[in-house]
Structure formats: C-alpha cells, structure tokens
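Enquirer: this one's structure only:
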C-alpha cells in the first residue's frame, strides 16, 4: 500500500515533511502538481523531438522555480529545530545530511537544465532583424 510505503520512507529517513507537511511545503506541492508536472510532457516532447528552441524560456522558468523551492526545503532540513516536531525528524548532522541527499538531486537536475538553457549555443536566441 502506498501509505505504508510513505510511512516507511518517513520513518527510515526521518522526513516528517512527508507525513505532516508545513503550510509552505504544501504550497510547493500544489506548485508541483499544477505547474511542474504539466511541464514534463511538454519538455519531453521538445527534447525528444530536438531542435525546439521555444523550450528555452519555459525551461528557464521551470528550473529557477524548482531551484528556488529546493533552496527553502534544504535550508529547512539543515536549520529547523525538529526536536519540537510531533513526528521524528533528523536529530544528528548525519541524519540531516542523509535527508538532504534525498532532496539534493531535485535541485541539481533543474540547475543542470538551467545551465544548459543559458550556456548551450543551440538554445541561445539570436534575433534576426528585418531589412527595410
């Protein structure tokens, strides 16, 4: 059952945000459902088809949005006082780093996408001016 799997994950990795998400984390979940998830098939189409330079702006918006949300989540994992939480959160630096390592790929992949969109010459938009 999925709820059992979620409970096992939250217990094993001491991630109380998955069982009792703070309000700001719920907002990120809604953003993921209504903004990030619809982006995936569009991006998959653009990248699989190839040559779709129009994906640059949506990919930049997506990657900066995701990176911004992940900075907040990672800061919460590193600095929040979980001793006051109802559910078991990370207690030691090692437990915080383990939990951090689970969330970190969700930051690194959007940063790689952003770097690609900004630095790859294929996606740089060159404006052609019309001659009069």
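Expert: Great, that's in hand. Since the structure is predicted, the reported quantities are computational estimates derived from the model, not experimental observations.

Enquirer: excluding its backbone neighbours, what's nearest residue 69?
Expert: What sits nearest to residue 69 in space, not counting adjacent residues and going by Cβ to Cβ, 6 or more residues apart in numbering, is residue 28, at 4.8 Å. Where C-beta positions appear, they are placed from N, C-alpha and C, glycine not excepted.

Enquirer: list the contacts for that neighbour?
Expert: Each residue near residue 28 by Cβ atoms under 8 Å, 6 or more residues apart in numbering is listed here: 69, 72, 73.

Enquirer: how far does the longest helix seen in the chain sit from the chain's center?
Expert: Among the segments of the chain that qualify as a helix by DSSP state H, the longest is helix 56-79. Distance, stretch centre to chain centre, for helix 56-79: 5 Å (Cα atoms, centre = their mean, to the nearest Å).

Enquirer: stretch 111-130 now?
Expert: 22 Å.
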